[in-house]
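K.L.:
Model the following, please.
(2 chains)
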Amino acid sequence: MRFDTPATTNPIDQLKVVGQPTDRIDGRYKTTGTAAYAYERHDVVPEQAYGFVLGSAIAKGRIAAMHVEDAKTAPGVLAIVTTLDMPRLERGMMNAAYLFGGPIIQHYHQAIAVVVAETFEQARAAAYLIRVDYQSEAGKFDLAAEAPNATLIGDDSGEGSSGPPEVRVGDFEGAFAAAAVKLDESYTTPDESHAMMEPHATIAAWDGDRLTLWTSNQMIAWGKRSIAKILGIPAQNVRLDSPYIGGGFGAKLFIRADAVLAALAAKAAHRPVKLALTRPLIANNTTHRPATIQRIRIGANRDGTITAIAHESTSGNLAEGKPETAVSQTRLLYAGANRLMAMRLTPLDLPEGNAMRAPGEAPGMMALEVAMDEMAEKLGLDPVEFRILNDTQVDPEKLDRRFSHRDLVGCLRLGAERFGWDKRSPRPAQVRDGRWLIGAGVAAGFRNNLLTKSGARVRLDRQGVVTVETDMTDIGTGSYTIIAQTAAEMMGVTLDKVVVRLGDSAFPASAGSGGQWGANNATAGVYAACVKLREAVAQQLGFNAADAEFSNGDVRSGNRSVPLSQAASAGELVAEDLIEYGDLAKTHQQSTFAAHFVEVGVDAATGEVRVRRMLAVCAAGRILNPKSARSQVIGAMTMGVGAALMEELAVDKRRGFFVNHDLAGYEVPVHADIPHQEVVFLDEVDPMSSPMKAKGVAELGICGVGAAVANAVYNATGIRIRDYPLTLDKLIDRLPEAV
Amino acid sequence: MSDPGELNVNRREVMVGAGACAALAAAPPSVRAQPAPVVTPVMTQVSFNVNGQVRTLELDTRTTLLDALREHLHLTGTKKGCDHGQCGACTVIVDGRRINSCLTLAVMHQGGAVTSIEGLGTPDNLHPMQAAFVKHDGYQCGYCTPGQICSGVAVLDEIKAGIPSHVTADLTAPVQLSESEIRERMSGNICRCGAYSNIVEAMTEVAERQG
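P.N.:
All right, here's what the predicted structure looks like:
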């Protein structure tokens, strides 16, 4: 199905099932521990042996020799594959780092060997018997030191965040120089780790030249092509299966070392091999969100109208890596006739920087929305009103290109009312509650909506059960449930008559999970397949497809009503289709919007920051399931609190690695850090997005949260911190004098 | 029920096997002066009660309780998130108390009673805490969820039993159920998807129904 004109009325608009806050259909499996994740698939293939991965102990250089004799003769060992056993393997799609093979070390904890043994304990013990002779080389590990050498570079994150090396509209320098009120500040965000709860894990089995990977991957079709490229085998010989994924946040968008080494190990051991990356390997072996240094300049008239805005960002990566696209949102979020955006990249020998939840916007908004707060204060304007004043309904770089639907103003106004924004003191450090200094902060949220083709197959059996098959993944996002809701709505059945099967590369290729594009595109693909199945049903029952109604398990036209199941009485009906898009995303800018409000308390003596209240108001098209969508947003708000207050991969600038590479050293929010969270979705549809009229929310929820926290800390204390995270050491010597 | 019996290995043998492994893990290969001795696994029989059934296993003494459940009994509901006692995904209830099953060796639980997530309820017969998690959407990816639920059940028991926490204001008065008590006690169970707000609501509902 080609979607190239705005959606009109369709069966989804009935909202009998879609749009309802249904419990997740996979909930009873997840809550009982019966949902099987990659490492747990004991039943899929017999004789599984255990693999254990060894990581490099140096950040840059080469391996001169590896001594594996002791490990080979250790009890239970079946095979050892070292990086010296083969030339460097091809890189996977969208990877910056090479995952295995050859003597060259690009980064710390790069995989250098896998040991296969009968048991996990044996494989682990043997792995530590391998001795490695390294030739270490000096590397570049300090972003701030290298930043002056950074060069202009354009990029598309592939996740809705993009830009050429430099964007110029009007005359930024002239307008900024002439502006009545100006801001010119720099902000930094640190390297961050996805830290999803399930480590990267894979079971690999060969059947002749055919490879099956039971793995944990967000993008099945990418993964299939990618592992084929890395191993040099035909893609049609590869099957991936990921029905349950224990979180990803971008870390599992791509094939990583677990899949490659499981496949190599299984080949060497002539046995199926299961392995997981150990927790301490994940920060340095896989990918992370790169640190940024951002400079923002804003010039405005005294009335608050922005006349000039510039956002420049510098980040580092491996030689073949990409920049963090942190300026992307600033191209679209606020009006202003004179504009300058620039991205710069400098080579670093740290592990690979790549997409983490809302790549680009998440760190970009952490800077931009603090700058907007600072500018509002300079202008003597309320920060909510300052944002509303500079709202735009058109792409500021192409004034004849409108947003498909944009209600940032509605988010800000409703949010201010619900939060009690009028009770905030505009002057900082004025409100005290016992030992706590109290402050409130606001930030806009912004993230693009991406359209990407997505396929599905639907089956109708003689019991009237509708089965959906697509390689779409559910990484906690609620895909199972919203796909079931879509199929139920389209075929006129209840949810208990729908079966959803996901994550298998044998199924039609879908949008996959990334860039908050999963929900809208994957359900639109199911919609397309269901339209075809409705036609097949109508034909089978002698109805005209155009005027047949599907409801309550029946198909009806005029006075005639037939049970849906009867269409399959002579055999199962199967339909397959995909949604493809025309140029509606080019003619109209499609984005999602939010307003984040946060109240914090800062300990007047210690500088400890506690989040007391959080509210997000989101405008993101039709919400397919308000319960699971709300969870996506509160989860993103939680990760935003982490980014604001605690998350930072600490770089050892001499040895070149992330030091705090586990869940004790890399702190993420825990229960005690997060208060009750409120989420409001504006009641809207976006007919430009798809027949579902929905957009993404999962990344919108994180964009702006960190800045709202930082602005609240400023409001509480009068201390403006421009270097994340806002740990207490940055506050304690500047706290207001105790009265 | 069969008698779980005594450990048929002496304490010294257990310590040699497990200790050698820990020493190796702590020392990076590049700085080790001497090749480490090859350790022959010490096998032993251990019996404990898992979810109401006595299970007897022949185990490498280095096997954690977590791996005994997941790899030997195929009870994979208990999750391995870090294998370091840092995340709480492996939480099970042993002899009435919640523990991180990755931080304890299986052989230390001879004769013990283990309740894992599978022992609380099944997809067609959910435990009230499991049902409340579904109702309040107290999970997303589901990987930390069994640990959260086992912890959640144990936390309500701890509060009932009057065990104080860091946020208990009055150590002499009975412990009151509150959101701050729940949040404090649940803080060893990380949920990176960020379902905390919903988990607290689920637990509060179960606690209020229990009275």
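
K.L.:
What is the neighbour count of the closest residue to chain B within the stretch 601-739 of chain A?
P.N.:
Closest to chain B within the stretch 601-739 of chain A is residue A:638: 2.9 Å, counting by C-beta to the nearest C-beta. Just so you know, the C-beta spots here come from the backbone N, C-alpha and C atoms, and that holds for glycine as well. Neighbourhood size, residue A:638 [other C-beta atoms under 10 Å in any protein chain shown]: 28.

K.L.:
and it, which of the three is it?
P.N.:
helix (DSSP: H, G, I helix; E, B strand; the rest coil).

K.L.:
and the stretch 551-700 of chain A, which of its residues are near chain B?
P.N.:
Residues of the stretch 551-700 of chain A lying near chain B by C-beta under 8 Å from any C-beta of the partner chain: A:627-628, A:630-632, A:634-639, A:662-664, A:668-672, A:674-677.

K.L.:
Of those residues, keep whichever come out buried.
P.N.:
A:627-628, A:630-632, A:634-639, A:662-663, A:668-672, A:674-675, A:677 (16 or more other C-beta atoms under 10 Å in any protein chain shown).

K.L.:
residues touching the spatially most central residue of chain A, list them.
P.N.:
Computing the C-alpha centroid of chain A and ranking residues by C-alpha atoms, centre = their mean puts residue A:357 first, at 2.9 Å. Applying C-beta atoms under 8 Å, 6 or more residues apart in numbering or on different chains, we find residue A:357 in contact with A:194, A:249, A:250, A:636, A:639, A:698, A:699, A:702.

K.L.:
tally of neighbours for the nearest residue to the fifth one once chain neighbours are set aside?
P.N.:
Spelled out, it's residue A:639. Closest residue to residue A:639 apart from its sequence neighbours, by C-beta to C-beta, 6 or more residues apart in numbering or on different chains: residue A:702 at 5.3 Å. Using other C-beta under 10 Å, residue A:702 has 34 other residues around it.

K.L.:
can you give me phi and psi for residue A:702?
P.N.:
Residue A:702 adopts backbone torsions of phi -90, psi -20, taken as degrees, to the nearest 10.

K.L.:
give the contact list for it.
P.N.:
Contact analysis of residue A:702 by C-beta under 8 Å, 6+ apart lists A:357, A:358, A:362, A:636, A:637, A:639, A:640, A:643.

K.L.:
so the fifth one sits right up against residue A:617, yeah?
P.N.:
No: with contacts counted by C-beta atoms under 8 Å, residue A:637 stays clear of residue A:617, the gap being 11.8 Å.

K.L.:
tell me the SS of whichever residue of chain B sits closest to chain A?
P.N.:
Nearest residue of chain B to chain A (C-beta to the nearest C-beta) works out as residue B:77 at 1.8 Å. Here residue B:77 is recorded as coil under three-state DSSP.

K.L.:
wait, doesn't it sit right on residue A:31?
P.N.:
No: Residue B:77 lies out of contact with residue A:31 (C-beta under 8 Å); the separation is 9.5 Å.

K.L.:
The two: who's more crowded?
P.N.:
residue A:31 (31 against 26).

K.L.:
Just give the closest residue to the more buried one, not the sequence neighbours.
P.N.:
residue B:130 is the one closest to residue A:31 (C-beta to C-beta, 6+ apart), at 4.1 Å.

K.L.:
And for residue A:283?
P.N.:
residue A:661 (3.7 Å).

K.L.:
burial of that neighbour, as a residue count?
P.N.:
22.

K.L.:
tell me, how many neighbours does residue 165 end up with?
P.N.:
Since you didn't name a chain, this refers to chain A. Neighbour tally, residue A:165, other C-beta under 10 Å: 15.

K.L.:
That was the other one, I meant chain B.
P.N.:
16.

K.L.:
And for residue A:600?
P.N.:
Neighbour tally, residue A:600, other C-beta under 10 Å: 31.

K.L.:
in what helix or strand does it lie?
P.N.:
Using DSSP states H and E, residue A:600 falls within strand A:591-603.

K.L.:
Parallel or antiparallel, list what pairs with that strand.
P.N.:
strand A:436-448 (antiparallel), strand A:609-619 (antiparallel) (DSSP bridges).

K.L.:
Need phi/psi at residue 157.
P.N.:
You didn't say which chain, so I picked chain A. According to degrees, to the nearest 10, residue A:157 has phi -60, psi -10.

K.L.:
I was thinking of chain B, sorry if that wasn't clear
P.N.:
Torsion angles, degrees, to the nearest 10, at residue B:157: phi -70, psi -40.
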